[in-house]
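Chemist: Mind looking at a prediction? Sequence and model below.
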Amino acid sequence: MVGQAMTTTNDQPIDIVHTKSGATCRIYPYGAHLTSYRTSTGKELLFLSRDAILDGSKAIRGGIPLCFPQFGQPDKSMPQHGFLRNNYWTEVSGSRFDNDDSAGVSMELCLTDAIHSRGGCWGMDTTLNVKCIYTVKIDGGGFVTTIEMENIGKECWDFQVLLHNYFLVQDGMALNSNICNIQGLEGYAVDDKVSGDKFVQCSQPVSLHDKLFDRVYTPPEGTIDLSLIISTNPMNTLSLSACGEVDGKKVCVSGVVWNPYKDNAKAMADFGDDQYVDMICVEPGLLSGVPTVEKGKKASFTQTVKCL
Ligand code: BG6
């Protein structure tokens, strides 16, 4: 059975309803950007900035921006977070579904259809190409997002990929460590992008503090998949698990935690000045030790978010 989603083009979002449970989600073709997921009881899990720009002139602030082929800007000749979040994706024909278990849709984008935010070797080099398929699947208690990246060009390429989740924190409690925190990063190597400090995460849950928070967590030897418990409210605890592979071989999953705090919130035109207390970004990604994708081969990355 086809989901109760409307056929849309350009800026019009795709609304998916899981009929059996009543859960819903909204995906914008610009960036294949999931901006809302509501459980069967109507609870929203994602934060969307009240000043988010939804007309395709800028990446959407909130929800789940997709980052590929780089996270941040290690290659300055490429735009920050790559080109996926700044281009219109196409719905994969016949991909919508709505059955007893779940509902969802797939979107696709090839490098050759990407007009914006290309750069570095992904700019003019016509020997490189990638076909990305992004699938969002929802049920009453959570969602699964999977991105597949297929090398359809003439040369191999290297990449990073990351799902930049903005989770909603109710009652403005993001900076309250008792209420909003993340378990599961203990023992990870921490790279604090603000202070430059590098250390190993202690046994305490990760929580924000009264300044810009921007840290990358690299797993210890032997840890492959990411498995986190995220509390955003005493009544709202989520599990997030993520796994990825290149050409069928598992790749270690890193995590990023980000909150802009006051000054950086003010500096972003598309983010409400006071909204930093309403969100926490917890972002799984394939960031280090990712093998090259050979011609004709595929990589994939999946996260599963569930209400506990
Ligand atoms: C985070 C990065 O994931 O994304 C931060 O670690 C960055 O360094 C933030 O500032 C937001 O990035 P952007 O490009 O969406 O403003």
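Modeler: Looks like it came in fine.

Chemist: so Gly56 is in which element?
Modeler: Assigned by DSSP states H and E, Gly56 belongs to no helix or strand.

Chemist: Spell out which parts of the chain neighbour the ligand.
Modeler: Proximity of the chain to the ligand, by C-beta under 6 Å from any ligand atom, involves residues 72, 80-81, 164, 193, 214, 256, 258, 281, 283. Yep, even glycine has a C-beta here, placed from its N, CA and C like the rest.

Chemist: which residue does the stretch 1-150 of the chain bring closest to the ligand?
Modeler: Gln80 (4.5 Å; C-beta to the nearest ligand atom).

Chemist: quick one: contacts for the residue nearest to that residue when sequence neighbours are not counted?
Modeler: Distances taken as C-beta to C-beta, 6 or more residues apart in numbering place Gln73 nearest to Gln80, at 4.5 Å, with adjacent residues excluded. Shown in contact with Gln73 (C-beta atoms under 8 Å, 6 or more residues apart in numbering): 79-81.

Chemist: Next, count neighbours for the residue of the stretch 1-150 of the chain closest to the ligand.
Modeler: 15 (other C-beta atoms under 10 Å).

Chemist: What segments of the stretch 101-250 of the chain are strands?
Modeler: For the stretch 101-250 of the chain, the strands defined by DSSP state E, counting those that start in this stretch occupy 103-110, 130-139, 142-151, 161-163, 166-168, 181-183, 189-192, 198-200, 213-218, 226-233, 236-246, 249-251.

Chemist: Output the third one as CSV, restricted to C-alpha atoms.
Modeler: In CSV, the C-alpha atoms belonging to strand 142-151 read as follows (Å, rounded to 0.1, in the frame of the first residue of the first chain):
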residue,chain,number,x,y,z
GLY,A,142,11.7,5.7,15.9
PHE,A,143,13.3,6.0,12.5
VAL,A,144,16.1,4.5,10.4
THR,A,145,18.1,6.5,7.9
THR,A,146,20.4,4.8,5.4
ILE,A,147,22.7,6.4,2.9
GLU,A,148,24.2,4.4,0.1
MET,A,149,27.0,5.8,-1.9
GLU,A,150,27.9,4.0,-5.2
ASN,A,151,31.0,4.8,-7.2
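
Chemist: Now tabulate the contacts of Gln73 in TSV and tack on secondary structure.
Modeler: Below are the contacts of Gln73 laid out as TSV (DSSP: H, G, I helix; E, B strand; the rest coil):
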residue	secondary structure
Pro79	coil
Gln80	coil
His81	coil
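
Chemist: now, which of those sits nearest Glu44?
Modeler: For the contacts of Gln73, the minimum distance to Glu44 (C-beta to C-beta) is 23.7 Å, reached by His81.

Chemist: separation between that closest one and Gly31?
Modeler: Going from His81 to Gly31 by C-beta to C-beta, to the nearest Å gives 10 Å.

Chemist: ok, back up a step: what separates the residue of the stretch 1-150 of the chain closest to the ligand from Phe159, distance-wise?
Modeler: For Gln80, the distance to Phe159 - C-beta to C-beta - is 15 Å.

Chemist: Count the neighbours of the residue of the chain found nearest the ligand for me.
Modeler: Closest residue of the chain to the ligand, C-beta to the nearest ligand atom: Trp258 (4.0 Å). Look at Trp258: counted by other C-beta under 10 Å, it has 20 neighbours.
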